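Engineer: Mind folding the following:
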Amino acid sequence: MSRIGKQPIAIPAGVKIAVNGGNVKVEGPKGKLELTAHPNMKVESDGKTLKVTRPDDNRQNRALHGLTRALINNMVVGVTTGYSKKLKIEGVGFQVAAKGKGVELTVGYANRIVHNPPEGITVAVPDPTTIIVTGADKQKVGQFAAEIRASRKPEPYKGKGVRYENEVVRRKEGKSFAAGK
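Structural biologist: Residues are numbered from 1 along each chain as shown. Reported below is the predicted structural model:
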């Protein structure tokens, strides 16, 4: 039995869950999310908890069991507390500015890079070197943060670029002159 899959998902107060066959709809204070589970997975609700079951111990079903439970749990957490990613910009002259609903990055290229968030994602710029991406959908928050980071990944020599808040960039030593030739 899957250690993750067999755990029931507690439904907190203020969250409505509708299970219709393989479709799971979760609605809470932070938004609405929807998931279509694999046809082999069976999702049952008793009002206070949700349980995911599998038909047999087939390898694919074992893998889908924990995955389905984790995705539904992420939806419940997303509509109650939400998810956020914090990015930092390092480098001389590198900065970010809010532009409409999106962000405009100045990261050493000739042109500024504009990123507009998908629906359900909000972006905050508390200072010129910090970006906070928040939303109810964990996958969308992570994907949008990754797109912002990909516009200028941190480089290993000076450490300039866009990085996650607690990301550690391994630094390399630059070229050294050969003395004694």
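
Engineer: Now residue 143: which helix or strand?
Structural biologist: Residue 143 belongs to helix 138-150 when assigned by DSSP states H and E.

Engineer: elements contacting that helix?
Structural biologist: Here helix 138-150 touches helix 59-80, strand 83-90, strand 113-115, strand 121-124, strand 130-135, strand 161-164, going by 3 or more C-beta pairs under 8 Å, 6 or more residues apart in numbering; DSSP states H and E. Backbone N, C-alpha and C define where each C-beta goes, glycine included.

Engineer: and that helix, what's its mean pLDDT?
Structural biologist: Across helix 138-150, pLDDT averages out at 96.

Engineer: could you check the angle strand 130-135 makes with it?
Structural biologist: 160 degrees (axes from the mean of the first three to the mean of the last three C-alpha atoms, to 10 degrees).

Engineer: Below-threshold pLDDT in the protein: ranges please.
Structural biologist: Along the chain, segments meeting pLDDT under 70 span 1-2, 178-181.

Engineer: dump the residue contacts of the spatially most central residue of it.
Structural biologist: The residue lying closest to the centre of the chain (C-alpha atoms, centre = their mean) is residue 142, at 2.4 Å. With C-beta atoms under 8 Å, 6 or more residues apart in numbering as the criterion, the residues that contact residue 142 are 83, 85.

Engineer: circling back: want to throw the helices and strands packed on helix 138-150 into JSON lines with distance to residue 154 and mean neighbour count?
Structural biologist: Shown next, in JSON lines, are these (distance: least, C-beta to C-beta, whole Å; neighbours: other C-beta atoms under 10 Å):
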{"stretch": "helix 59-80", "distance to residue 154": "27", "mean neighbour count": "19"}
{"stretch": "strand 83-90", "distance to residue 154": "7", "mean neighbour count": "18"}
{"stretch": "strand 113-115", "distance to residue 154": "16", "mean neighbour count": "16"}
{"stretch": "strand 121-124", "distance to residue 154": "20", "mean neighbour count": "17"}
{"stretch": "strand 130-135", "distance to residue 154": "14", "mean neighbour count": "20"}
{"stretch": "strand 161-164", "distance to residue 154": "4", "mean neighbour count": "19"}
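
Engineer: Using a markdown table, lay out the ones you listed together with distance to residue 10.
Structural biologist: Output for the helices and strands packed on helix 138-150, formatted as a markdown table (distance: least, C-beta to C-beta, whole Å):
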| stretch | distance to residue 10 |
| --- | --- |
| helix 59-80 | 8 |
| strand 83-90 | 18 |
| strand 113-115 | 36 |
| strand 121-124 | 26 |
| strand 130-135 | 22 |
| strand 161-164 | 29 |
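
Engineer: Ok, which of the ones you listed comes nearest residue 17?
Structural biologist: Among the helices and strands packed on helix 138-150, helix 59-80 comes nearest to residue 17, with 7.7 Å by C-beta to C-beta.
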